[in-house]
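J.: Sequence isn't available, so here's the structure alone:
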């Protein structure tokens with residue numbers, strides 16, 4: 001008899017907010033106490049199922065031990081018959097390979113089945129809130145499958161990279177510059193696909209290898225390797241900002257700037273200035289971030305090459321970051337001035353691109369206008385602007401999901417809770433890691449739940465539970 005057959009747990013047990021919290025914290029003692037609380041499972045039964053002595057189970061339940069060993073966690077997961085969604089919340093790989101295909105890789109084929117089209121979401125505010133057919137369309141998703149591993153896993157694995165020295169130095173084939181530069185590009189792709197855990201895993205070996213390779217190189221290759229280091233720390237800072245670790249994000253952004261300066265490449269330095277401003281803003285220094293962008297933007301103009309797509313894109317995306325900072329500081333005039341200048345840069349560029357990993361172009365400027373309207377409390381303008389966006393033209397999953405979340409915030413400000421809920425579901429369907437582990441998204445979902453009508457509130461709560469916001 002398989003060990004997990006000794007304990008039979010209903011699927012609803014793993015969806016309980018307290019259970020999800022215990023899984024994310026890898027707190028076996030709390031998990032074992034919940035097994036006893038909800039299903040009267042004894043310490044002996046738990047020990048038999050997970051191959052622990054009863055005394056060991058008791059020590060966990062009294063808080064005398066906290067396990068971090070993956071092997072022990074795997075044994076507990078197997079012994080309790082954890083479903084894949086619960087395993088992933090604890091940072092373990094799913095038993096069923098298909099369980100990650102629709103989440104970690106941004107494939108929405110299962111998650112968005114039956115989801116209203118984006119045009120329907122934007123039109124929802126015009127149709128009234130009581131259309132029973134439309135209500136059935138989107139509430140049918142209340143039982144959608146649980147999502148990918150918590151972004152806090154990525155945060156934990158990135159912390160070591162911010163220590164003064166790497167924990168282990170790569171050697172030999174791991175230091176091939178060409179291979180390292182290719183891997184650096186793949187990490188950026190993972191980040192833009194909202195696959196933050198995968199990006200963090202790749203970074204753990206990449207950063208020290210790039211540092212060693214750069215030290216051993218010279219000329220153009222050395223510059224390119226320093227640019228790759230700057231990019232790597234840019235991604236690290238971005239992930240840490242998303243999960244609310246603003247202090248470490250500031251350290252990573254500072255290292256990105258240092259590596260960018262070492263590259264002696266104005267485009268790399270401009271790209272790094274963007275994450276530096278973002279880190280300032282994340283730490284609550286919104287006016288300082290806006291002022292920094294203004295000062296840096298003026299100096300960058302001396303190096304701006306309007307015939308170079310990367311140079312123009314970096315300049316425009318930096319202006320957009322400054323506009324967001326100004327809006328969050330409630331400086332409407334500066335925000336509109338900076339987004340207007342970014343719009344002119346996008347017009348000069350003439351197309352939507354991803355030069356220097358900026359995702360910059362006319363569409364991205366429009367997306368930022370939606371965000372600025374939300375930040376400035378102008379919900380009507382946010383939704384009106386959102387209607388001008390062709391979401392199929394947003395190539396980067398991370399940007400598309402962020403757009404949906406901005407629209408959700410706009411609808412919620414407007415008091416239109418159903419389309420707000422739908423918009424969050426669209427973000428969840430394509431980029432689950434964009435929702436899980438992000439304090440700002442959790443706060444948005446909690447606001448929607450607290451103000452939604454009673455008929456909608458249970459469904460929003462289920463979504464909140466899935467992403468760890470309950």
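T.: Yep, it's here. Note that the structure is a prediction, hence the values are computed from the model and not measured.
J.: roughly how far is stretch 461-470 from the heart of the chain?
T.: With C-alpha atoms, centre = their mean, to the nearest Å as the basis, stretch 461-470 stands 16 Å off its chain's centre.
J.: So which bits of that stretch are buried?
T.: 461-470 (16 or more other C-beta atoms under 10 Å). Backbone N, C-alpha and C define where each C-beta goes, glycine included.
J.: quick one, helices of the stretch 301-450 of the chain?
T.: In the stretch 301-450 of the chain, the helices defined using DSSP state H, counting those that start in this stretch lie at 309-328, 332-349, 362-375, 379-386, 397-413, 417-430, 439-451.
J.: what packs against the helix ranked longest in the chain?
T.: If you go by DSSP state H, the chain has its longest helix at helix 219-242. Helices and strands touching helix 219-242, by 3 or more C-beta pairs under 8 Å, 6 or more residues apart in numbering; DSSP states H and E, are helix 152-159, helix 177-192, helix 196-215, helix 246-263, helix 266-282.
J.: Could you check how far it is from the centre of its chain?
T.: The answer for helix 219-242 is 18 Å, by C-alpha atoms, centre = their mean.
J.: tell me the angle it makes with helix 196-215.
T.: 150 degrees (axes from the mean of the first three to the mean of the last three C-alpha atoms, to 10 degrees).
J.: Could you tell me how far stretch 45-54 lies from the centre of the chain?
T.: With C-alpha atoms, centre = their mean, you get 37 Å for stretch 45-54.
J.: In it, which residues are buried?
T.: So stretch 45-54, judged by 16+ other C-beta under 10 Å, has buried residues 45-50, 52.
J.: hang on, the earlier thing: compile the helices and strands packed on helix 219-242 into a markdown table and extend it with columns for distance to residue 326, mean pLDDT and mean neighbour count.
T.: Listed next are the helices and strands packed on helix 219-242 as a markdown table, based on distance: least, C-beta to C-beta, whole Å; pLDDT from 0 to 100; neighbours: other C-beta atoms under 10 Å:
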| stretch | distance to residue 326 | mean pLDDT | mean neighbour count |
| --- | --- | --- | --- |
| helix 152-159 | 28 | 54 | 20 |
| helix 177-192 | 25 | 94 | 18 |
| helix 196-215 | 27 | 89 | 22 |
| helix 246-263 | 19 | 90 | 21 |
| helix 266-282 | 10 | 93 | 25 |
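J.: With distance to residue 383 added, can I get those helices in CSV?
T.: Converted to CSV, the helices and strands packed on helix 219-242 look like this (distance: least, C-beta to C-beta, whole Å):
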stretch, distance to residue 383
helix 152-159, 32
helix 177-192, 26
helix 196-215, 29
helix 246-263, 30
helix 266-282, 24
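J.: just so I know, which of those lies nearest residue 223?
T.: For residue 223, the closest of these is helix 246-263, at 4.9 Å, according to C-beta to C-beta.
J.: List the contacts of that closest one.
T.: Applying C-beta atoms under 8 Å, 6 or more residues apart in numbering, the contact partners of helix 246-263 are 155, 158-159, 161-162, 214, 223-224, 226-227, 229-231, 233-234, 236-238, 240-241, 268-269, 271-273, 275-276, 278-280, 282-284.
J.: Contact partners for residue 339?
T.: Contacts of residue 339 by C-beta under 8 Å, 6+ apart are 319-320, 323, 365, 368-369, 372.
J.: What of residue 386?
T.: Residue 386 makes contacts with 122, 370, 403, 406-407, 410, as judged by C-beta under 8 Å, 6+ apart.
J.: Over to residue 216?
T.: Counting by C-beta under 8 Å, 6+ apart, residue 216 has contacts residue 175.
J.: And the nearest residue to residue 192 once chain neighbours are set aside, how close does it get to residue 431?
T.: Leaving aside its sequence neighbours, residue 192 sits nearest to residue 396 (C-beta to C-beta, 6 or more residues apart in numbering; 4.3 Å). To residue 431, residue 396 is 10 Å away according to C-beta to C-beta, to the nearest Å.
J.: For those two, list the residues in contact with both.
T.: Joint contacts of residue 396 and residue 431 (C-beta under 8 Å, 6+ apart) are residue 193.
J.: Which one's more surrounded, these two?
T.: The neighbour count for residue 396 versus residue 431, taken as other C-beta atoms under 10 Å, is higher for residue 431 (28 against 20).
J.: what are the phi and psi angles of that one?
T.: Backbone dihedrals for residue 431, given as degrees, to the nearest 10, come out at phi -150, psi 70.
J.: next one: the one 5 residues further on
T.: According to degrees, to the nearest 10, the main-chain angles of residue 436 amount to phi -80, psi 130.
J.: what about it, neighbour count?
T.: 29.
J.: Quick check: closest non-adjacent residue to it.
T.: residue 467 (4.9 Å).
J.: before we move on, what about residue 334?
T.: Nearest to residue 334 is residue 326, by C-beta to C-beta, 6+ apart, at 4.0 Å.
J.: What's the per-residue pLDDT of that neighbour here?
T.: Note for residue 326: predicted pLDDT of 95.
J.: And residue 169, by the same measure?
T.: 52.
J.: For stretch 76-96, buried residues please.
T.: Result for stretch 76-96 [16+ other C-beta under 10 Å]: buried residues 76-92, 94.
J.: Which of the residues you listed fall within strands?
T.: Per DSSP state E, strands hold no members of these.
J.: What are the structural domain limits within this structure?
T.: 3-100, 110-146+377-470, 149-262, 265-373 (automatic domain parsing).
J.: Name the spans of this structure whose pLDDT lies under the cut-off.
T.: Applying pLDDT under 70 to the chain flags the ranges 1-6, 66-71, 91-174.
J.: how near is the residue lying closest to residue 438 once chain neighbours are set aside to residue 229?
T.: Of all residues not flanking residue 438 in the chain, residue 242 sits nearest, at 5.3 Å (C-beta to C-beta, 6+ apart). Separation of residue 242 from residue 229 (C-beta to C-beta): 21 Å.
J.: before we move on, what about residue 470?
T.: The value you get for residue 470 to residue 229, if C-beta to C-beta is used, is 39 Å.
J.: With residue 413 instead?
T.: For residue 413, the distance to residue 229 - C-beta to C-beta - is 40 Å.
J.: more neighbours, those two?
T.: Shown here are residue 413 and residue 229; by other C-beta under 10 Å, residue 229 has more neighbours (27 against 18).
J.: got the contact list for that one?
T.: Per C-beta under 8 Å, 6+ apart, neighbours of residue 229: 207, 210-211, 214, 255, 259, 262.
J.: With respect to residue 439, which of those is nearest?
T.: residue 255 (23.4 Å).
J.: Rebuild the contacts of residue 386 as TSV, extending it with neighbour count and distance to residue 302.
T.: Shown next, in TSV, are the contacts of residue 386 (neighbours: other C-beta atoms under 10 Å; distance: C-beta to C-beta, whole Å):
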residue	neighbour count	distance to residue 302
122	21	42
370	24	32
403	25	33
406	25	33
407	31	38
410	28	38
